[in-house]
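1. Just a sequence and a predicted model for now, questions to come.
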Amino acid sequence: MITAAKNKLSLLEKIGFGSGDAAVNIVWSALAIIITFFYTDVYRLKVEDLVLLGLLPRLIDAFADVAMGIFTDGRTTRWGRYRPYLFLFAVPFGLSVVLTFTTPDLPYMGKLIWAYSTYTLMMVIFTTVTIPYISLPGVITDDPKERLSANGYRLFFAKGASLMVNIFVPIFAARWGQEHLAQGYHIAMMVMAGLATLIFFFCFFTTKERVQHKTKPMPVFAQVKLLFGNSQWQILFWACIIGTTGYIIRGSLGFYYAKYYLGGDANLLATFVAVGIVGNILAMVVSTWLTKVFCKVQVFRWSQIITFVLCVAMYFLVGPHDVMPALVMYFFINLIVDLQGPVFWSVISEAVDYGQVKTGKRVAGLAFGGISFAQKAGMGIGAGVVALLLLAFHYQPDVVQSQYTLNGIALSLTVISGVFQLGMGLLMYGYFITDKYYNQNIRQQVTEQTP
């Protein structure tokens, strides 16, 4: 049961909690936007080798997420259940990022082995901090409004970090690296990794676990059965896979679209991606306002449906070298698509509470691990789809692309990615835990219920 009742979070704690996702997003942004372009156009790996490289490490990591969720769920320390991992793995996290963006001069097979090894290592260490981090909202407060507010801060900092990474890295790499572009990317990501390490320390020292859920140990299969018997959690699981897949497709193709379809240099690459991220950042503010006026679940649903419509419009309205229309459309797509962000990350805890009320048993660590599994699975699927799309449309790095290839890049970034957002929005019509439902049917029962 819940043994603490403090609900309100200080501004410093919201900032401290939110800053943690800035550290997470230094890697997330690299995976969503930079790494495919880095492997094809900087490290010079063959496109056909990226299908498995984009998929396998993330799927390995997805299963690691489940294991980490189970591990953290059964252990509590004097510093809390989740916070200690932010401190313990901050430095290994930074080092793994540096290794991934190191480009040793090896024979092609050696380069491929290095890419697989470092990428997989980074993803596994990524798990050791992200699973505890995304579990924090359930233990820093039991107030759904405070959770929503804290996640608004979190996503604001996340998008801010994403903006910083995707402006700084390509421009710094192009200007500092000159003839040694790979070295430029390496140093740029080294700076980002060092910053992420420091931010994790800050998050650890400024947050507090004040809500304690006492749970009885359960076999893994029993936990899995409970989770997939929880209809509301299961909707979030599949929505996460579908939505993340679309996000990765759109994000990964941003550099290709700006460089080849719009005919841009490093500055336009950074500008195009930055415009999208500015839209993401503003979405956090707009979402906070909208969810005060409208039902948060409705905001979630309609934001994804409207995103699909905008994606289709961008494909038909924006032609090659139409820089300004492309920037405007991409901004609005990224603004609307991320209106669901604060909602999604705040309702996971509520779905967990729903399952506890329905069954009398609480599955928290695996619930968050399962959502992270879904996110990593979506990332892996998305990365694999991007590689397959580049192959299907005959992409070759650093050459003049055919009209077929250019159309394929545009179609993939817009319509194909938009279909996944549409699927996410339609799926959320099965989710019914609004704030009113939670406060009337779940919150008090969770407080009183003994597992």
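-> Right, received. Where do you want to start? Residues are numbered from 1 along each chain as shown.

2. all contacts plus neighbour counts: C-alpha atoms, from now on.
-> Noted.

3. Verify the contact between residue 131 and residue 368 for me.
-> Yes - Residue 131 lies in contact with residue 368 (CA atoms under 8 Å); the separation is 6.8 Å.

4. what touches both of these two?
-> Counting by CA atoms under 8 Å, 6 or more residues apart in numbering, the shared contacts of residue 131 and residue 368 are residue 69.

5. which of the two has more neighbours?
-> Between residue 131 and residue 368, residue 368 has the larger neighbour count (other CA atoms under 10 Å), namely 31 against 28.

6. so where does the more buried one fall, helix or strand?
-> Here residue 368, judged by DSSP states H and E, is contained in helix 365-392.

7. Just the mean pLDDT for that helix, thanks.
-> The pLDDT scores in helix 365-392 average 86.

8. Now do it: which elements does it pack against?
-> Under the contact criterion of 3 or more CA pairs under 8 Å, 6 or more residues apart in numbering; DSSP states H and E, helix 365-392 touches helix 47-73, helix 108-135, helix 220-228, helix 231-252, helix 403-411.

9. just the angle between that helix and helix 108-135, please?
-> With axes from the mean of the first three to the mean of the last three CA atoms, to 10 degrees defining the directions, helix 365-392 sits at 140 degrees from helix 108-135.

10. And for the closest residue to residue 323 other than its chain neighbours, the neighbour number?
-> Leaving out its chain neighbours, the residue that sits closest to residue 323 by CA to CA, 6 or more residues apart in numbering is residue 262, at 6.1 Å. Counted with other CA under 10 Å, residues neighbouring residue 262 total 23.

11. residues in contact with residue 262?
-> Contact analysis of residue 262 by CA under 8 Å, 6+ apart lists 320-323.

12. Show me the two of those that sit farthest apart.
-> Distance extremes for the contacts of residue 262: the farthest pair is 320 and 323 at 8.0 Å, using CA to CA.

13. can you tell me which of the contacts of residue 262 lies nearest to residue 139?
-> The nearest member of the contacts of residue 262 to residue 139, counting by CA to CA, is residue 323 at 45.6 Å.

14. how much space between that closest one and residue 407?
-> Noted for residue 323: a distance of 15 Å to residue 407, by CA to CA, to the nearest Å.

15. picking that back up, would you indicate which residues of the helix holding residue 368 are buried?
-> 365-391 (16 or more other CA atoms under 10 Å).

16. With stretch 196-214 instead?
-> Neighbour-count burial for stretch 196-214 [16+ other CA under 10 Å]: 196-205, 207-213.

17. Next step: the residues you listed restricted to helices.
-> Counting by DSSP state H, the part of the buried residues of stretch 196-214 found in helices is 196-205.

18. would you turn these into TSV with distance to residue 438 and pLDDT?
-> TSV is the format used below for those (distance: CA to CA, whole Å; pLDDT from 0 to 100):
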residue	distance to residue 438	pLDDT
196	35	91
197	36	93
198	37	94
199	33	91
200	32	91
201	33	93
202	32	93
203	28	89
204	29	90
205	31	90
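
19. and the two most separated of the residues you listed?
-> Spanning the widest gap among those are 196 and 205, at 14.6 Å by CA to CA.

20. Where does the nearest residue to residue 173 once chain neighbours are set aside sit: helix, strand or coil?
-> In space, residue 173 comes closest to residue 184 once its chain neighbours are excluded; the distance is 3.9 Å by CA to CA, 6+ apart. For residue 184, the secondary-structure state derived from DSSP: H, G, I helix; E, B strand; the rest coil is helix.

21. Report the contact partners of residue 57.
-> Residue 57 is in contact with 116, 119-120, 123, 380, counting by CA under 8 Å, 6+ apart.

22. Go again with 7 Å.
-> 119-120, 123 (CA atoms under 7 Å, 6 or more residues apart in numbering).

23. Of those residues - the most surrounded one?
-> residue 123 (25 neighbours).

24. how far away is it from residue 63?
-> Relative to residue 63, and taking CA to CA, residue 123 is found at 11 Å.

25. and if you look at residue 363?
-> Separation of residue 363 from residue 63 (CA to CA): 17 Å.

26. Go ahead and confirm residue 15 touches residue 153.
-> Yes - checked against CA atoms under 7 Å, the pair residue 15 and residue 153 is within contact range at 6.5 Å.

27. These two: which is more packed in?
-> Neighbours were counted for residue 15 and for residue 153 using other CA under 10 Å; residue 153 has more, 23 against 20.

28. From the chain's centre, how far out is the helix or strand encompassing that one? Work that out for me.
-> Counting by DSSP H and E, the element that carries residue 153 is helix 144-177. Helix 144-177 has its average C-alpha position 11 Å from the chain's average C-alpha position, going by CA atoms, centre = their mean, to the nearest Å.

29. and that helix, what's its mean pLDDT?
-> In this model, helix 144-177 has a mean pLDDT of 77.

30. So which elements touch that helix?
-> With contacts taken as 3 or more CA pairs under 7 Å, 6 or more residues apart in numbering; DSSP states H and E, helix 144-177 sits against helix 11-29, helix 181-206, helix 266-293, helix 341-359.

31. Recalculate using a threshold of 8 Å.
-> helix 11-29, helix 137-140, helix 181-206, helix 266-293, helix 341-359.

32. Please consider this matter closed, and thank you.
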